[in-house]
Structures are given as C-alpha cells and as structure tokens.
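Asks: Whatever this is, show me its structure:
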Amino acid sequence: MIRRHDVLGIGFGPANLALAIVLEEEGYDLDVRFLEARPGPSWQSAMMLDGSDIQNHPVRDLVSLRNPRSRYSFINYLFENGRLLEHLNVPMEFPLRKEYAQYVTWTTNHFSRLVDYGVHVTGVSLGRDAEGVPLYTVTTSTGDTHQARTLVIGTGRAPFIPEPFDAVDSPRVFHLTRYLPALQQLEELGVAGPGDRSPRAVTVIGGSQSAVELTLDLARRFPRAKVTTLVRSLTLREKDTSPFSEEGYFPGFTDYYYRASRERKDGIDAFMRLTNYSSADGDVLRELYRLIYEQRLDGDQRVFVSGSRQVRGLDVREDGVRLGVEELNTGESEEHEADFVVLATGFRDLGPAAHQERVPALMRGIADDFAFDDHGYLSVGQDYEVQPMGPDTPALFLNGLCESSHGIGDAGSFSLLSLRAEVIARSLRKRLP
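Replies: Predicted coordinates:
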C-alpha cells in the first residue's frame, strides 16, 4: 500500500515528539506521519537504572522553553498524575530517569494516532509523482510504501563502537544502548544471573556519566564480581557545570556556533566537551570513590578504575573475554579477563572523521543529492534543513543530529529540543503552504 504525506518523520523519540507537539499547538494543517522502529513508546529503556537521574533541568523538557503554558510540560505531567507536591519534596536536584521516561511515554501516548510502531525503514529514495512533484519514497519492513513532500529524520545518533570491538559479534560484548536487554540475555545463557551464576569479572569501557552509572549498577547487581572500568584519559573527570559554560546550551550560543568557521568550531568543541562528554556528575563520582574506599578499608576491593588504558587486543571465547590493554603513559601491556564487556563509548556525530559518520544511515542512498562543505561535513542550514545539490530536491530536515553544525546544544539532550522543533516547524510551514 502506498501512503502519501506532507511530512514524514522517521523516528519518534523526544526530538520528533517535540516536533509533533509544535505542529499540534501551532495549528499547522498538515498531513504528518511518523515511523518508529520500536514496538511502542519508550525512552532510554535499556538504561533505566535504579537511582539514576537525568542531567538537565526538568523544565528543559519537551515544550516549556517554547511554550511554558503547554499541557505537555513535565510540571503538568506531574500535576495530572497527582505527584506534583510529592515530587517537589524529593531531596534530589534532578528527577529520576525512570520518572522522566514515564513523562516521555505519557506525552507520546497523546500522539499515538500519528505513529506507526514496529516499522523499520528499509529504503529512502527520491522521485516524482504522476504530476511531476518531487517526493521522497520510503519503503518499510511492513511492506508499506510512504511518499512525502518533506522528510524529517529524528532517529538519534548511532552508537560508537571503537576498535577492536567493532569486529565482534557476541552477547558478551555490547554497547550501553543494549544494557538491560543484554544482561537479560546473559542471564538466560547462565553468564550473569543471581547467586552462583554471578559473573566473576566485568569490564566497562569509557569515562562518561554512563560509564560511572554502569559501574555502580554492576557493583550493586553483582556484589561478588570484580568490576573494572578502563578509561583512556588519566582518570575519571568531573563535568564542567559552571553556569558560564552551561550557556553553551542557550539558543544564542547555537547561532554563534553556527556562524563560526570549522577551525573555530573545533576549538569551541574542545572547550565545551567536558560539559557533556568523557566526564561525570560529581554525585556519582563521589559515590563511586566512597565505594572503592570502603572496599579497601574492608580489605575486599572489587571495584577498580584504571586510567590511561587503551584496549589493543580482544579475544572473545565461549567462556569469557580476554582483553589486551596498553598503559598509555608507560607502554606496559596488561591482560584483563571478563565474563562480559560493556561499552560506554558514546555515539557517532556527523562528519568525515573515523569516529563520525558521513551522513545518517537512512541518507546513504541519497547522499549524493546533498551538499558537503570543503571539510567534508554535510551542509546543514541554520533551520536544520540539509542543503540539496539541485533546486527540485524536496526538503529534508535533521532533528537532533546536528551537533557538528549547531554545537553542543544539539547534543543528545533535552536542553534545546523544544526550540529546535519550533525552528523546524516554521520552516515546514514555509515549505508547505
């Protein structure tokens, strides 16, 4: 069956959900459809760890910076669910991740009429209809074909799997985006269960907030296991949460970053990196340090953080994983044994470098129809529209994938999500009178 739309959104996570809210609240009369590969509404379901919180102010939600009177705000969600006063009394700076996930699901359910769940996009191509109007044709795993006058890709960034892990296909090595389902699979295999089936040793790779959270979770979940976190930098680092640095998540800073040259963007990125990457909040760092200190005090240390370490070799066997590790400052070689390895190695941004991806996966078949700058970066307009090579190419927007062109505020967070959705919605209205 062929279905035709004014706007087709691929992915229905927070980015495209915020767009759906704008289109509804601003009264845009457009035929809009979203395709979502997941079987139903969810947000970070693989990382719903006990006690973990979000890392942004809760008012930086799906709508409030754009429309603080919206019924889809986090505060109104708490109010309508009878938890506002109780929530305000919780002695935490930021909400629990579980509660924010429930907020996202609650909001998503208001837009179920616009979404097809359990649908994987199998192809995106450019063409024309019988009247010669340029269209995108999107094929799906369900056998349906969608045609659209504009496309909005909001799938989130792809996980970054570094060498030598990128050549491994084993349930014993997995990215954090699969954490809880992967543990369930390992339990079914008898590798990571309770009691006598507890793992002997686990390795976490990375120095991010997620790496620290995973280390703490594994230590609680498997108290008899040795949990080792390997970090490339000298050791774990605290996030830069200075209010001056945090202005990098202001819309004015996004405009400023967009106008900078690529060379200056690289300098800004280096400065802003510790506000979001390769660093962790002070509360989890202190919790981890206290845990290690107490274990040492008891003469029973089972949690370790090893800095300046790079995994050079990997041997995945039936009974475990052997890692060849280099100490970067001395050049010494080490061997680590683990029952499984968790990769807290982040995500791939758009760009020409080895750790980046040239275009989002869904654009690979049509990449030559769009422009790239002299540095090899996809050319994206200030309104998040990808610049086409020809005048007849229908509009394509990237929602939540433009950190390399728009700066740290476009990272995978809620910080400017509602304002970005507003910019895209306004451009859609101009494009689709």
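Asks: domains in this protein, as residue ranges please.
Replies: Recorded structural domains for the chain (assignment: automatic domain parsing) are 2-158+348-431, 165-238+277-343.
Asks: Of all the ones you listed, which one is nearest Thr254?
Replies: Proximity to Thr254, assessed across these by C-beta to C-beta, is greatest for domain 2-158+348-431 (4.6 Å). Placement of C-beta: from N, CA and C, glycine included.
Asks: And what about Ala20, helix, strand or coil?
Replies: On the three-state scheme (DSSP: H, G, I helix; E, B strand; the rest coil), Ala20 is labelled helix.
Asks: mind listing what it touches?
Replies: Ala20 makes contact with Gly9, Phe12, Val32, Phe34, Phe111, Leu114 under the criterion C-beta atoms under 8 Å, 6 or more residues apart in numbering.
Asks: And those residues, which is closest to Gly409?
Replies: Taking C-beta to C-beta as the measure, Gly409 sits nearest to Gly9 out of the contacts of Ala20, at 20.8 Å.
Asks: So the closest one versus Tyr77, what's the distance?
Replies: Counting by C-beta to C-beta, to the nearest Å, the gap from Gly9 to Tyr77 is 22 Å.
Asks: got it, and Tyr289?
Replies: From Tyr289 across to Tyr77, the span is 35 Å (C-beta to C-beta).
Asks: Tell me which of those two has more neighbours.
Replies: Here Tyr289 and Tyr77 are set side by side on neighbour count (other C-beta atoms under 10 Å), and the busier one is Tyr77, at 24 against 12.
Asks: which ones are touching that one?
Replies: Tyr77 makes contacts with Tyr103, Trp106, Thr107, as judged by C-beta under 8 Å, 6+ apart.
Asks: So it: helix, strand or coil?
Replies: Classification of Tyr77 using three-state DSSP returns helix.
Asks: how far away is it from Val22?
Replies: For Tyr77, the distance to Val22 (C-beta to C-beta) stands at 18 Å.
Asks: just the helices in the stretch 51-200 of the chain please.
Replies: Using DSSP state H, counting those that start in this stretch, the helices of the stretch 51-200 of the chain run over residues 74-80, 84-88, 97-109, 179-188.
Asks: Give the other helices and strands that the last one contacts.
Replies: It stands for helix 179-188. The helices and strands touching helix 179-188, judged by 3 or more C-beta pairs under 8 Å, 6 or more residues apart in numbering; DSSP states H and E, are strand 340-343.
Asks: quick one: the strand it packs on to chain centroid distance?
Replies: The chain centroid and the centroid of strand 340-343 are separated by 18 Å, computed with C-alpha atoms, centre = their mean, to the nearest Å.
Asks: circling back: if we compare the domains of the chain, which one ends up closest to Glu263?
Replies: With C-beta to C-beta, the closest approach to Glu263 among the domains of the chain belongs to domain 2-158+348-431: 9.0 Å.
Asks: if I pick Tyr257, what's in contact with it?
Replies: In this structure, Tyr257 makes contact with Lys265, Ile268, His406, Gly407, Ile408, Gly409, judged by C-beta under 8 Å, 6+ apart.
Asks: element containing the residue nearest to the first one when sequence neighbours are not counted?
Replies: Closest residue to Lys265 apart from its sequence neighbours, by C-beta to C-beta, 6 or more residues apart in numbering: Tyr257 at 6.5 Å. Of the helices and strands defined by DSSP states H and E, Tyr257 is found in helix 251-259.
Asks: Compute the inter-axis angle for the following helix or strand past that helix and helix 251-259.
Replies: Sequence-wise, the next helix or strand downstream of helix 251-259 (DSSP H and E) is helix 262-272. With axes from the mean of the first three to the mean of the last three C-alpha atoms, to 10 degrees as the criterion, the two stretches helix 262-272 and helix 251-259 enclose an angle of 140 degrees.
Asks: list the helices and strands the next helix or strand after helix 262-272 packs on?
Replies: In the C-terminal direction, the helix or strand that comes right after helix 262-272 (DSSP H and E) is helix 282-297. Packed against helix 282-297, as judged by 3+ C-beta pairs under 8 Å, 6+ apart, are the following elements: helix 209-221, strand 303-306.
Asks: Would you mind listing the buried residues in the next helix or strand after the longest one?
Replies: The reference is to helix 209-221. Using DSSP H and E, the helix or strand that follows helix 209-221 towards the C-terminus is strand 226-230. By 16 or more other C-beta atoms under 10 Å, the buried positions in strand 226-230 come out as Lys226, Val227, Thr228, Thr229, Leu230.
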